[in-house]
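1. from the sequence below, what's the structure:
(one chain, ligands or ions: 1)
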Amino acid sequence: MNYDVKDLSLADAGELRIEWAGSQMPVVRSIGERFAREKPLDGVTLAACLHVTTETANLVIALKAGGADVYLCASNPLSTQDDVAAALVRNHEIPVFAVKGEDNDTYYQHIYACLDARPQITMDDGADLVSTLHKERRDQIPDIIGSTEETTTGVIRLRSMAAAGVLAFPVVAVNDADTKHFFDNRYGTGQSTLDGIIRGTNILIAGKTVVVCGYGWCGRGFATRAAGAGAHVVVCEVDPLRAIQAVMDGYSVMPLARAAEVGDIFCTLTGDCHVIREEHFRLMKDGAIVCNAGHFDIEIDKDGLEKLTTHKEEVRPLVTQHTLEDGRRITLLAEGRLVNLALAEGHPPSVMDMSFANQALCAEFVQANHGDLGKQVYPVPEHIDKEIARLKLESMGIEIDQLTDEQKEYLESWQLGT
Ligand code: ADE
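-> You can find the predicted model right below:
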């Protein structure tokens, strides 16, 4: 079997951590058990480009149980958990191509290695498999019956491909399922981003001014957790509606040019490029910490920071202190890459349980329905979303009420009034 991981001797440690995460992923486990009985993915080669974590391990094990021939590469050069990669290769015979800290060239070699398996289904977190297929492997496009996409940034990229008429096969936007973004983006990013900042730096959050750039679901989640840890939260937004929400959620809202002067910790969660730029670095206080929790490492203008830097030093792993011409120090975390995955472990398993249940059921959906799908971005079918919510509640032992017949009739009728 072909693979590229750091060190197979890490497999025992990885296996224990995969099992620990699995114990908090009951929905993926029950789907995996059904998949093992029904084999809905029999004969399918599936390439997945995801963060190689304990949670992803539980997903790919379930997909393999369903009969798929699974290949896995990393969706970020810094997010791979090397012990997990080793366990998947040695104990589960899943070819993994991922090494934490790999350079850009190796990152793409790993994507090519997964595509060399000639998949029929691809599963992305950031659309790198899909975009490589469209740009460099067009000869493989006829093999592809469909794809799934995990993240907001990837879905935005795919929608622009569909709008430009260049998307060559169907893609299911897993991110847009309610059981994905309401939970993963909010509670998952919220907790894991704070976790990455704390694990990376060991700083106290209480009393600090935390500047949150972007008030989508991820920004909201992070703002809530930072405030809960005692920070004064400032939100920067470009969308007036989101800005009002931030105000009414109790945060200060101001342009980044003003927030730059008062912030202690800055975090970008926007999906856009060059949110924090040279002009902002020029205004920041000595000791400011800057990080990103958006998918790509483009939200912080690293070249702008480099331009002002006279000296830099990695003071802790992936914590780089830049000393500027005027002596101020600005610390960049995780090279501007996803701080929650590079300095912590990403979202906790119980939230990835719902995200990856969507991935597994959407792969099954693509396999069963590809004949009826066009070259479009599809939402997750509502019955899948609802079933995942039901299974998650059931796994928590929580029961909910049912509408009475009278209530159903009332909701369906337009004649009933005062
Ligand atoms: N994205 C965010 N957190 C993740 C995790 N723990 N595993 C895989 N993908 C993730």
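2. okay, now the residue nearest to Arg328 when sequence neighbours are not counted: neighbour count?
-> Leaving out its chain neighbours, the residue that sits closest to Arg328 by Cβ to Cβ, 6 or more residues apart in numbering is Asp286, at 4.4 Å. Backbone N, C-alpha and C define where each C-beta goes, glycine included. By other Cβ atoms under 10 Å, the residues close to Asp286 number 11.
3. secondary structure class for Asp286?
-> Secondary structure, DSSP: H, G, I helix; E, B strand; the rest coil: Asp286 is coil.
4. check whether it really touches Asp326, as I assumed.
-> No - using Cβ atoms under 8 Å, Asp286 makes no contact with Asp326, being 9.1 Å away.
5. just the CA trace of stretch 319-335, in PDB.
-> What follows is stretch 319-335, C-alpha atoms only, in PDB (Å, rounded to 0.1, in the frame of the first residue of the first chain):
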ATOM      1  CA  VAL A 319       4.200  31.300  18.000                       C
ATOM      2  CA  THR A 320       6.400  33.800  16.100                       C
ATOM      3  CA  GLN A 321       7.300  37.100  17.600                       C
ATOM      4  CA  HIS A 322       8.000  39.900  15.100                       C
ATOM      5  CA  THR A 323      10.000  42.900  16.300                       C
ATOM      6  CA  LEU A 324       9.200  46.000  14.200                       C
ATOM      7  CA  GLU A 325      11.400  48.900  13.200                       C
ATOM      8  CA  ASP A 326      10.100  51.000  16.100                       C
ATOM      9  CA  GLY A 327      10.700  48.200  18.700                       C
ATOM     10  CA  ARG A 328       7.000  47.100  19.000                       C
ATOM     11  CA  ARG A 329       6.500  43.400  19.100                       C
ATOM     12  CA  ILE A 330       3.600  41.700  17.200                       C
ATOM     13  CA  THR A 331       3.100  37.900  17.600                       C
ATOM     14  CA  LEU A 332       1.700  35.900  14.800                       C
ATOM     15  CA  LEU A 333       0.200  32.400  15.600                       C
ATOM     16  CA  ALA A 334       0.500  29.400  13.300                       C
ATOM     17  CA  GLU A 335       1.900  31.300  10.400                       C
END
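6. what mean pLDDT does it get?
-> For stretch 319-335, the mean pLDDT works out to 97.
7. what's the answer for stretch 279-287, then?
-> Averaging pLDDT along stretch 279-287 yields 98.
8. now do that stretch: distance from first to last residue.
-> 17 Å (Cα to Cα, to the nearest Å).
9. can you list contacts of the helix or strand hosting His322?
-> Under the criterion of DSSP states H and E, His322 resides in strand 319-324. The contact list for strand 319-324, computed with Cβ atoms under 8 Å, 6 or more residues apart in numbering, reads 200-201, 281, 305-306, 308-315, 329-333, 335, 343.
10. from the chain's centroid, how far away is it?
-> Computed by Cα atoms, centre = their mean, to the nearest Å, the chain-centroid distance of strand 319-324 equals 27 Å.
11. got a pLDDT number for the residue of the stretch 251-400 of the chain found nearest the ligand?
-> Proximity of the stretch 251-400 of the chain to the ligand (Cβ to the nearest ligand atom) peaks at Gly346, 2.8 Å away. pLDDT, Gly346: 97.
12. wait, it sits on Thr53?
-> Yes - if you go by Cβ under 8 Å, Gly346 and Thr53 touch, sitting 5.2 Å apart.
13. need the overlap of contacts for those two.
-> Going by Cβ under 8 Å, 6+ apart, residues that sit against Gly346 and also against Thr53 are 79, 352.
14. quick one, what contacts the nearest residue to Met1 once chain neighbours are set aside?
-> With Cβ to Cβ, 6+ apart as the criterion, Met1 has its nearest non-adjacent residue at 5.5 Å, and that residue is Pro95. By Cβ under 8 Å, 6+ apart, the contact set of Pro95 is 1-3, 70-72, 89, 113, 117.
15. let me know the closest of those residues to the ligand.
-> The ligand lies nearest to Leu72 out of these, by Cβ to the nearest ligand atom, at 11.1 Å.
16. isn't that closest one right up against Leu46?
-> No - if you go by Cβ under 8 Å, Leu72 and Leu46 don't touch, sitting 9.3 Å apart.
17. looking at those two, which is more packed in?
-> Remark: of Leu72 and Leu46, Leu72 carries more neighbours, 30 against 26, as counted by other Cβ under 10 Å.
18. surely that one is in a helix?
-> No - counting by three-state DSSP, Leu72 is not part of a helix but strand.
19. what lines up beside the helix or strand that the strand holding His322 is followed by in the sheet?
-> Going down the chain from strand 319-324, the next helix or strand is strand 329-333, by DSSP H and E. Here strand 329-333 is paired, per DSSP bridges, with strand 288-292 (parallel), strand 319-324 (antiparallel).
20. next, the angle strand 319-324 makes with the biggest strand by length in the chain.
-> Assignment by DSSP state E gives strand 309-316 as the longest strand of the chain. Here the directions of strand 309-316 and strand 319-324 differ by 160 degrees (axes from the mean of the first three to the mean of the last three Cα atoms, to 10 degrees).
21. can I get strand 309-316 in PDB? Just the C-alpha atoms.
-> C-alpha atoms of strand 309-316 as PDB (Å, rounded to 0.1, in the frame of the first residue of the first chain):
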ATOM      1  CA  THR A 309       9.700  43.300  10.700                       C
ATOM      2  CA  THR A 310      13.400  43.800  11.600                       C
ATOM      3  CA  HIS A 311      13.700  40.600  13.600                       C
ATOM      4  CA  LYS A 312      11.600  37.500  14.200                       C
ATOM      5  CA  GLU A 313      11.800  34.500  16.500                       C
ATOM      6  CA  GLU A 314       9.700  31.400  17.200                       C
ATOM      7  CA  VAL A 315       9.300  31.900  20.900                       C
ATOM      8  CA  ARG A 316       7.100  28.800  21.300                       C
END
